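*Asks:* Got a predicted structure here, sequence first:
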Amino acid sequence: MYHRFDENKYPSTNIQMEVFVKQIEMIKNSNYEFYDIQKFIDNFNEPKNKKKILITIDDAFSSFYEIAWPFLKENKIPFILFVSTEPVGNNGYMTWDQIREVEKESFAYIGHHSHTHDYLIEKSDDEFINDIEIASKFFLRELGYIPNLFSYPFGEYSKFMKDYVAENFSFAFGQHSGVIDLNKDKFELPRFPINENYGELNRFKSIINFFPLEYKNLIPEEKKLTKANNPPEFQVEFFEDQKNLDNILLLTNKVSSFDKKLKGDFDLKDNLINNNNRNFIYIGCQILNKKVFKNYQISNFSVLEIWNKLKEINKLNGFESLNKFYHLTDLETFKKLEDF
């Protein structure tokens, strides 16, 4: 997921065009194809035996049109451009003429990104619906149709928002990292945000080589946190015949090294990750099954080394956070944790 191009004063949403070109080259050199958007829609429920890359751009900033669009057009690289209708034509944003120019190409797809791009999760239900309906009227007037793909502003959504979107769109995307597979909910699809801070080529290479973490369900269904449900009672329900559960790697929002006073954070039992017991532990922001470390005898080691080895044998699945973290790399400290 991209936003701005060569807008250096916005590093959290910007990517340097020269880096973007190298990322595209890396995808091609890895023998991955770019997903044709219509085929992505039509074939979503079919099992896949080959990975493809889906590119999305949010907000329709003018830097996309001026910097990235000529390159994508020349190379006919498929993508979805998610447009919020209120800022269209304002300084720094594309115009409707430019959007129509992009939209007429067969490899370009326009998506719905609300009207105001406000923090809609903080609005009332009626205000949320009104915002979406206003945008839909603009799309109908300017493009002749209402896009059937939706992107939640800021990646935020409540159960009410998701249910409404599910009734009015075919697919919806968030901003939580992850790989899409046919078991993912069509209305909370993950994307990897790419920017100056998290677009570094080594990280990008890891991202495009990730495999999906398949699961049956995420609990709770309500993703909006309030004082009444924070912290949530989080569970991941896996399939009964799920493979490689011992090799799960989850990256979460933990921002500091592991605290040895903790007994652990999650358990895996009966195909559920839950927080009732604590047999799975945090390593920095990474939850690793202790079995992953059973063959390590040296006094110091790198979590990255374990990560890469599991990737090479296609046994690494997981989520990734964009938060900073530290690694626990002292084996003796790790061994002591087993007694807690």
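*Replies:* Received the coordinates, thanks.
*Asks:* A helix includes A68, no?
*Replies:* Yes. Following the definition DSSP: H, G, I helix; E, B strand; the rest coil, A68 is counted among the residues of a helix.
*Asks:* Nearest spatial neighbour of it, chain-adjacent residues omitted?
*Replies:* The shortest distance from A68 to any residue other than its chain neighbours is 4.6 Å, reached at F5 (C-beta to C-beta, 6 or more residues apart in numbering). All C-beta spots, glycine's among them, are computed from the backbone N, C-alpha and C.
*Asks:* who's in contact with that neighbour?
*Replies:* With contact taken as C-beta atoms under 8 Å, 6 or more residues apart in numbering, F5 is in contact with 14-17, 20, 61, 63-64, 66-68.
*Asks:* Look up how far L72 lies from it.
*Replies:* 10 Å (C-beta to C-beta, to the nearest Å).
*Asks:* same thing with E188?
*Replies:* Summarising the geometry, the distance separating E188 from L72, computed by C-beta to C-beta, is 27 Å.
*Asks:* same thing with R141?
*Replies:* Distance of R141 to L72, computed by C-beta to C-beta: 26 Å.
*Asks:* Settle it for me: which of these two has more neighbours?
*Replies:* Neighbour count, other C-beta atoms under 10 Å: between R141 and L72, L72 has more, with 22 against 10.
*Asks:* could you list every residue that touches the more buried one?
*Replies:* Residues near L72 by C-beta under 8 Å, 6+ apart: 79, 107-108.
*Asks:* quick one: which of those is nearest to E240?
*Replies:* Nearest to E240 among the contacts of L72 is F79, at 37.3 Å by C-beta to C-beta.
*Asks:* can you pull the contacts of that closest one?
*Replies:* Neighbours of F79 in contact, by C-beta under 8 Å, 6+ apart: 37, 55-57, 72, 107-109.
*Asks:* Okay, strands next: where are they in the stretch 51-200 of the chain?
*Replies:* In the stretch 51-200 of the chain, the segments counted as strands under DSSP state E, counting those that start in this stretch are 52-53, 56-58, 79-83, 108-112, 149-151, 171-173.
*Asks:* Quick one: closest of these to M1.
*Replies:* With C-beta to C-beta as the measure, strand 56-58 is the member of the strands of the stretch 51-200 of the chain nearest M1 (5.0 Å).
*Asks:* Contacts for that closest one, please.
*Replies:* By C-beta under 8 Å, 6+ apart, the list of residues contacting strand 56-58 from outside reads 1-3, 64, 68, 79-82, 111, 113, 151, 173, 191.
*Asks:* Quick one: mean pLDDT over it.
*Replies:* Averaged across strand 56-58, pLDDT comes to 98.
*Asks:* Count the neighbours of G199 for me.
*Replies:* 21.
*Asks:* which residues touch the residue lying closest to it once chain neighbours are set aside?
*Replies:* Sequence neighbours aside, I15 is the residue nearest to G199 in space, at 5.1 Å (criterion: C-beta to C-beta, 6+ apart). By C-beta under 8 Å, 6+ apart, the residues touching I15 are 2-5, 194-196, 199.
*Asks:* go again using 6 Å as the cut-off
*Replies:* Residues near I15 by C-beta atoms under 6 Å, 6 or more residues apart in numbering: 2, 194-195, 199.
*Asks:* beta partners for it?
*Replies:* Counting by DSSP bridges, I15 is bridged to F5.
*Asks:* per-residue confidence for it?
*Replies:* With respect to pLDDT, I15 scores 97.
*Asks:* Repeat that for E127.
*Replies:* At E127 the predicted local confidence, pLDDT, stands at 98.
*Asks:* distance of it from L72?
*Replies:* Going from E127 to L72 by C-beta to C-beta gives 35 Å.
*Asks:* Which two of the contacts of strand 56-58 have the greatest separation?
*Replies:* Farthest apart among the contacts of strand 56-58 by C-beta to C-beta are A68 and F173. That separation is 18.6 Å.
*Asks:* of the contacts of I15, closest to I121?
*Replies:* When the contacts of I15 are compared against I121 (criterion: C-beta to C-beta), the nearest one is N195, at 21.7 Å.
*Asks:* quick one: the closest one from F20, how far?
*Replies:* Noted for N195: a distance of 11 Å to F20, by C-beta to C-beta.
*Asks:* now do E233
*Replies:* As defined by C-beta to C-beta, E233 lies at a distance of 40 Å from F20.
*Asks:* Okay then, goodbye and thanks.
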